[in-house]
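> my questions concern the predicted model and sequence given below.
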Amino acid sequence: MTRRSFGALAFAAGLDSKASYFVSNSAGKILQQSWADAASPISFGSLLKPFLVVSYLNSGAGAPELECHGASDGCWSAHGHGRQDIVRALANSCNVYFRFLATRLDMAALEAIALRYQLLPPDRSWNRARLIGLGEGWPQQPDAVVRAFAQLSKNTGESSVRTALRGMALCAEEGTAKAAGFACYAKTGTAVCRHRAHGLGDGFALAMYPIDQPRRVLLMSRHNTTGAETARGLKGLRDTCG
Ligand SMILES: [Zn+2]
């Protein structure tokens with residue numbers, strides 16, 4: 001499909017000019033893109049949490065169940081997520097659970113994961129909260145994020161990756177990416193607004209489909225909204241690129 005006809009289809013599917021997106025195949029080859037300033041690394045909020053899951057589980061540490069009481073525990077969810085295992089915590093993007101993981105992560109192991117997935121490694125001087133997308137977050141280039149997830153979807157021989165993918169499937173079913181409205185592996189993120197006209201935040205949503213063997217990776221961004229709300233646009237993008 002040419003860029004021009006894709007653009008017309010994207011417009012028809014309700015992808016207005018305020019939505020930025022990348023579409024890749026399972027090899028991470030970029031098929032379509034509309035993203036201003038794509039060479040600049042930016043924070044994707046919670047979007048990279050699946051790589052924390054993989055890094056943490058690869059270390060052999062058991063994943064606990066934790067209780068999230070919500071805002072009083074420092075979670076973004078006011079009322080809390082209740083009891084969370086690692087799969088549910090990823091689906092819900094629970095900050096109580098991921099703060100626990102982030103503070104126990106071996107930074108050398110996380111750097112190795114970043115290297116393997118060709119992501120920019122985190123700096124050891126950072127507050128660990130940045131790893132779960134808070135504050136300035138863990139900045140990456142959008143095309144690198146798309147390629148990293150494409151690679152993740154293929155590493156199903158590793159149990160840590162299978163666990164992360166289970167969490168991403170649940171994320172689309174009933175978690176923060178529920179608004180996507182179709183079966184896929186998904187994750188959302190909300191970052192502090194990077195635009196000059198400061199808004200509520202920048203929302204990000206990623207999807208890989210079909211579930212049995214992903215052929216496509218979609219990454220969307222929307223200004224002045226949440227990742228959960230941005231996920232609503234994934235279906236239109238999927239319908240546009242087939
Ligand atoms: Zn929570």
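Received the coordinates, thanks. Numbering: from 1, shown residues only.

> buried stuff in the lengthiest helix in the chain?
For the chain, the helix that runs over the most residues, judged by DSSP state H, is helix 159-174. Across helix 159-174, burial judged by 16 or more other Cβ atoms under 10 Å covers Ser160, Val161, Thr163, Ala164, Leu165, Arg166, Gly167, Met168, Ala169, Leu170, Cys171, Ala172. C-beta here means a position set from N, CA and C on the backbone, and glycine is covered the same way.

> mind listing the helices for the protein?
Using DSSP H, helices in the chain cover 3-12, 49-58, 86-92, 95-104, 107-116, 142-154, 159-174, 227-230, 234-241.

> returning to what we had before: name the residues that touch the longest helix of the chain?
50-51, 53-54, 56-58, 63, 86-93, 152-153, 155-156, 175, 177-178, 180, 182-188, 207-208, 211 (Cβ atoms under 8 Å, 6 or more residues apart in numbering).

> how far off centre is it?
Counting by Cα atoms, centre = their mean, to the nearest Å, helix 159-174 is centred 12 Å from the centre of its parent chain.

> relative to helix 142-154, how tilted is it?
110 degrees (axes from the mean of the first three to the mean of the last three Cα atoms, to 10 degrees).

> next, the angle helix 107-116 makes with helix 159-174.
Using the same axes, to 10 degrees, helix 159-174 lies at 80 degrees relative to helix 107-116.

> tabulate the CA atom coordinates of helix 159-174 in CSV.
Provided in CSV are the C-alpha atoms of helix 159-174 (Å, rounded to 0.1, in the frame of the first residue of the first chain):
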residue,chain,number,x,y,z
SER,A,159,9.0,-18.5,29.9
SER,A,160,9.6,-14.9,31.0
VAL,A,161,8.5,-13.7,27.6
ARG,A,162,5.4,-16.0,27.6
THR,A,163,4.5,-14.5,31.0
ALA,A,164,4.9,-10.9,29.7
LEU,A,165,2.8,-11.8,26.6
ARG,A,166,0.0,-13.3,28.9
GLY,A,167,-0.1,-10.0,30.7
MET,A,168,-0.3,-8.1,27.4
ALA,A,169,-3.1,-10.3,26.2
LEU,A,170,-5.0,-9.7,29.4
CYS,A,171,-4.3,-6.0,29.1
ALA,A,172,-6.3,-6.0,25.8
GLU,A,173,-9.0,-8.2,27.3
GLU,A,174,-9.7,-6.4,30.5
